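Engineer: model the following, please.
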Amino acid sequence: MTASKAIAIGAALALAPMAARADPTFPRHPTPAQVEASIARYGPQATVSALFDQQRWDYVAGRIGDGGAVWVALAVKLAPGTDAGTAEELPISLAFALPRDAPAVLAAIQSGEFAAEDVCGAPFIEGTVRDVPAYLRKATAAVTAVKDPALAATRAACLQTLAKAG
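Structural biologist: Numbers count the residues shown, from 1 in each chain. The predicted structure is shown next:
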């Protein structure tokens, strides 16, 4: 083998890991499956960074806030990859989801990635919820309705935090 051929092969091998580690790209409205696939391939930090850089983070955070077990479960998977700004948004998104899908949100809290105080304490940015007392009533009713014994301790902690927030 010639020296130039060996150098070319060495360069190709050195660049191969970089090509495999290319940043994730997302469509305008990524699906939970696309986000989950990115987490599996690139990790949560690269996924969160790409979602933010590509201006898809607000869309994903909004879908988490809409509720739905698949979207809410993504919050748990994205949390390890968040930084200061994005880390503040996930509990707020979960708080929005709480009256809509309390079992999924309680499961997210139970995962250990989020504290009941951060989700159930009405962590909204001022002015984003027009009627906080109405929100607290709906959230309390939704959490109270959860009867899954596996979520009992998390349910109790969330109800206690909601009562303090009122």
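
Engineer: contacts for the one helix or strand Ile109 maps to?
Structural biologist: Ile109 belongs to helix 102-110 when assigned by DSSP states H and E. For helix 102-110, contacts defined as C-beta atoms under 8 Å, 6 or more residues apart in numbering pick out 67-69, 72-73, 75-76, 94, 97-98, 114-116, 119-120, 139, 142-143, 145-146, 148, 150-151, 153-155, 157-158. Yep, even glycine has a C-beta here, placed from its N, CA and C like the rest.

Engineer: just the buried ones from these?
Structural biologist: 67-68, 72-73, 75-76, 94, 97-98, 114, 116, 119-120, 139, 142-143, 146, 151, 154-155, 157-158 (16 or more other C-beta atoms under 10 Å).

Engineer: out of those, which sit inside helices?
Structural biologist: Taking DSSP state H, the ones among the buried ones among the contacts of helix 102-110 that sit in helices are 72-73, 75-76, 94, 97, 116, 119, 139, 142-143, 154-155, 157-158.

Engineer: nearest to Gln55, out of the residues you listed: which one, please.
Structural biologist: Nearest to Gln55 among those: Ala75, at 18.9 Å, using C-beta to C-beta.

Engineer: quick check, pLDDT for that closest one.
Structural biologist: On pLDDT, Ala75 comes in at 97.

Engineer: ramachandran angles for Leu78?
Structural biologist: Dihedral pair for Leu78: phi -80, psi -30, per degrees, to the nearest 10.

Engineer: how about the one 4 residues further on?
Structural biologist: Phi and psi for Thr82, reported as degrees, to the nearest 10, are phi -80, psi 160.

Engineer: which residue is the nearest non-sequential neighbour of it?
Structural biologist: Val48 (5.5 Å; C-beta to C-beta, 6 or more residues apart in numbering).

Engineer: three-state assignment of that neighbour?
Structural biologist: Put simply, Val48 is helix when judged by DSSP: H, G, I helix; E, B strand; the rest coil.
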